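A.B. asks: next come a sequence and a model predicted from it.
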Amino acid sequence: MNGSITELVFGLLGGLALFIFGMRTMSAGLSSAVGDGMRTLLGKATRNRLAGLGLGTVIGGLIQSSASVVLFIGFINAGLMTLTQSIGPILGANIGTTLSVQLISFKLSDYCLPAIFVGLMLNMVSRNRKLKYGGQAVLGFGLLFLGMVFMGDSIKPHREMFEPLLMHINGKTPGGLITGTLVAALITGVVQSSGAVIGMGFAMISAGAITEFEGIYPIIIGANVGTCVTGLLGSIGTTVDAQRAAIVHLVFNLISTTLAIAASPLFYKYAPLTSGDLIRQAANADTIKMAITALMMLPLAPLLMNIAVKLVPAKTEQPESSFLDDQLLNRPEQAIFACLRELQRTTRICARSLRLAAEEFIQHDPKRAKLIKVNEQSVNAIKATMRDFLASLTHQYLSKRQSILIGHIDRCMSDLERVGDHIENLSNIAKRQRSIATARFSPEVIEDWLSIHRAVDHLLEKVIASLDPETANFQEVAKEIIDLREQYTQTAITVRNAHYQRLEEKEITPIAGLLFNDYLSNFWRITKHIKNIALAEQHPQFWLKREKLSKVMSAEAPGYTLPDTINPNDYLDKLQSDNYRL
């Protein structure tokens, strides 16, 4: 008996783990195959609430509602989307998740092993990006169904054991409906995947443990609420509006579940008419419930936003939003002006993170560490958006100066993204240092660390000032930054020499010495990227032509004479002869 129970537990948990891993693998492959173009499309679609709902449905179908809501929260935190713009996509993401459930509801278990083989081969062998990630999606698809097979096979011999539990969560009675909803919500909150919990319910249907629609209905509606936990956790440490977006997601699903409980008699009566298969009935009910609620709540988006504002009041001023606007693209000089302001905004985010890193160095705070990581992710998102914006700008007619200047802007954005990475590294080093008892610093070492930090912080403040597009002369401020960086170099050399002296005199442990070197290396790299920005600003073409700020240009760039296609052998022969001489 004990052996059979062990087999049941391991089979059920192993199958669930395989299902979740397969779902995440499939979602990651699909979203990677779509690429970064999703971000640009999302920015355009959110101007219209209905279009936002449609695109949110697509994204939710690809990467699940909880993961897509975390994506939207990241955009809001980065200032690339407003709370108002996010409501349509959030509602749509919930519909999209039900489409994933529709896919799971088809009995494709017989094809899981061929799918795993084909997907793995495509992912390993293919050099085409879309085929490679498409293979990853197929692999995840196969693993997902294999997990369902394991769960179903584990439950089938023991389905009588589940009868007492399933009786308590059966939707035939109001108490069973509410209890089942709460249990499903709790389990979903733990595993953070509504698809996994619904998939487990489908496995129980396949095993014969659930034989009626009333038995699966509470699991479906409860899972929709539990999936909100992922968004709530993802919003920790983000801006107020990003936290409000997670609340919108929660409030919407609470309303949807409440309506589903109230309308349960209608679902019990009509859902069985949609299909002769119980699993398909459950999937159809899930889609119908979510689609109806989303369409009902879409016109009430301002109400959802007001509820979120009441529940999460603003304690601090909301950070500034992105300055990048596609409507500026036909005014290249105005678009470049906006890009400079976006660079300045990004530098402010980096400067905030640097100060947080100093506080984290002195004393650990989980929320502070999370905020540093969230800020770094925001900078990454801004970089991708900036690159898309600049690529679109190249389709316009550009002067020689404008063409060179947008190249510098792209380079500066890349440098700022690296600055964000190194600031996060400072926080990670502090975390590693706290885990090593012998890595403590003396007060003298801490003072040296803070002196380096103050110098770097001052440099970042100067970069913020230099990137102000209202600045009359970028070159002069950039020259001041380069001079300050030289002063920093002398400070860093002095601190490093003092550090080596302490190591020689065994005032600090070797592991503490290694960690201090890591700190200094990251500070040094931050200043190197700051210098790169200043050097770009010193370029003769790095300036704005004020009279062009309101000038509308042609939508099409002039034709360019492209060079003829090269003969690769001409260059390969030359490379081989050069290598031979070496």
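C.D. replies: Looks like it arrived, so ask away.
A.B. asks: which parts of stretch 517-535 are buried?
C.D. replies: Of the residues in stretch 517-535, 518-520, 522-524, 526-527, 529-535 count as buried by neighbour count, 16 or more other C-beta atoms under 10 Å. Backbone N, C-alpha and C define where each C-beta goes, glycine included.
A.B. asks: and of the residues you listed, the nearest to residue 360?
C.D. replies: Among these, residue 519 lies closest to residue 360 (C-beta to C-beta), at 12.0 Å.
A.B. asks: dump the residue contacts of that closest one.
C.D. replies: Contact analysis of residue 519 by C-beta atoms under 8 Å, 6 or more residues apart in numbering lists 426, 429, 449, 452.
A.B. asks: and residue 512, by the same measure?
C.D. replies: Residue 512 makes contact with 433, 438-441, 445, according to C-beta under 8 Å, 6+ apart.
A.B. asks: just put these in TSV and tack on pLDDT and distance to residue 93.
C.D. replies: Listed next are the contacts of residue 512 as TSV, based on pLDDT from 0 to 100; distance: C-beta to C-beta, whole Å:
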residue	pLDDT	distance to residue 93
433	94	39
438	91	48
439	91	44
440	89	46
441	91	46
445	92	48
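A.B. asks: buried subset of the residues you listed?
C.D. replies: For these, a burial check counting by 16+ other C-beta under 10 Å picks out 433, 439, 441, 445.
A.B. asks: can you pull out the helices in the stretch 201-350 of the chain?
C.D. replies: Secondary structure of the stretch 201-350 of the chain, counting by DSSP state H, counting those that start in this stretch: helices at 213-226, 228-234, 240-262, 264-270, 278-297, 301-311, 332-362.
A.B. asks: and the longest one, how far out from the chain's middle?
C.D. replies: Pointing back at helix 332-362 there. 19 Å (C-alpha atoms, centre = their mean, to the nearest Å).
A.B. asks: now stretch 412-419
C.D. replies: 19 Å.
A.B. asks: which residue is nearest the centroid of the protein?
C.D. replies: residue 71 (4.3 Å; C-alpha atoms, centre = their mean).
A.B. asks: re earlier: so which of the contacts of residue 519 belong to strands?
C.D. replies: With DSSP state E as the criterion, strands contain none of the contacts of residue 519.
A.B. asks: out of the residues you listed, which is most surrounded?
C.D. replies: Tallying neighbours with other C-beta atoms under 10 Å puts residue 426 at the head of those, with 25 neighbours.
A.B. asks: apart from its chain neighbours, what residue comes closest to residue 452?
C.D. replies: Spatially, and ignoring its direct neighbours in sequence, residue 452 is nearest to residue 523 (5.2 Å; C-beta to C-beta, 6 or more residues apart in numbering).
A.B. asks: so that neighbour is in which element?
C.D. replies: Per DSSP states H and E: residue 523 is located in helix 510-537.
A.B. asks: now the angle from that helix to helix 332-362?
C.D. replies: For helix 510-537 against helix 332-362, the angle by axes from the mean of the first three to the mean of the last three C-alpha atoms, to 10 degrees is 170 degrees.
A.B. asks: picking up where we left off before, how about a markdown table for the helices of the stretch 201-350 of the chain, with distance to residue 86 and mean pLDDT added?
C.D. replies: As requested, the helices of the stretch 201-350 of the chain are exported to a markdown table (distance: least, C-beta to C-beta, whole Å; pLDDT from 0 to 100):
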| stretch | distance to residue 86 | mean pLDDT |
| --- | --- | --- |
| helix 213-226 | 19 | 91 |
| helix 228-234 | 11 | 86 |
| helix 240-262 | 5 | 92 |
| helix 264-270 | 29 | 93 |
| helix 278-297 | 14 | 92 |
| helix 301-311 | 9 | 91 |
| helix 332-362 | 19 | 94 |
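A.B. asks: now residue 112: which helix or strand?
C.D. replies: Assigned by DSSP H and E, residue 112 belongs to helix 112-125.
A.B. asks: which secondary structure elements does whichever helix or strand comes after that helix contact?
C.D. replies: Once the chain leaves helix 112-125, the next helix or strand it forms, by DSSP H and E, is helix 129-155. Packing partners of helix 129-155 (3 or more C-beta pairs under 8 Å, 6 or more residues apart in numbering; DSSP states H and E): helix 2-34, helix 83-105, helix 112-125, helix 194-207.
A.B. asks: sorry, back to before: okay, buried residues for the helix holding residue 112 please.
C.D. replies: Neighbour-count burial for helix 112-125 flags 112, 115-116, 118-120, 122-123 (criterion: 16+ other C-beta under 10 Å).
A.B. asks: returning to what we had before: tell me which of the helices of the stretch 201-350 of the chain sits most buried.
C.D. replies: helix 213-226 (a mean of 26; mean count of other C-beta atoms under 10 Å).
A.B. asks: report the contact partners of the residue lying closest to residue 460 once chain neighbours are set aside.
C.D. replies: Leaving aside its sequence neighbours, residue 460 sits nearest to residue 351 (C-beta to C-beta, 6+ apart; 4.5 Å). Counting by C-beta under 8 Å, 6+ apart, residue 351 makes contact with 457, 460-461, 464.
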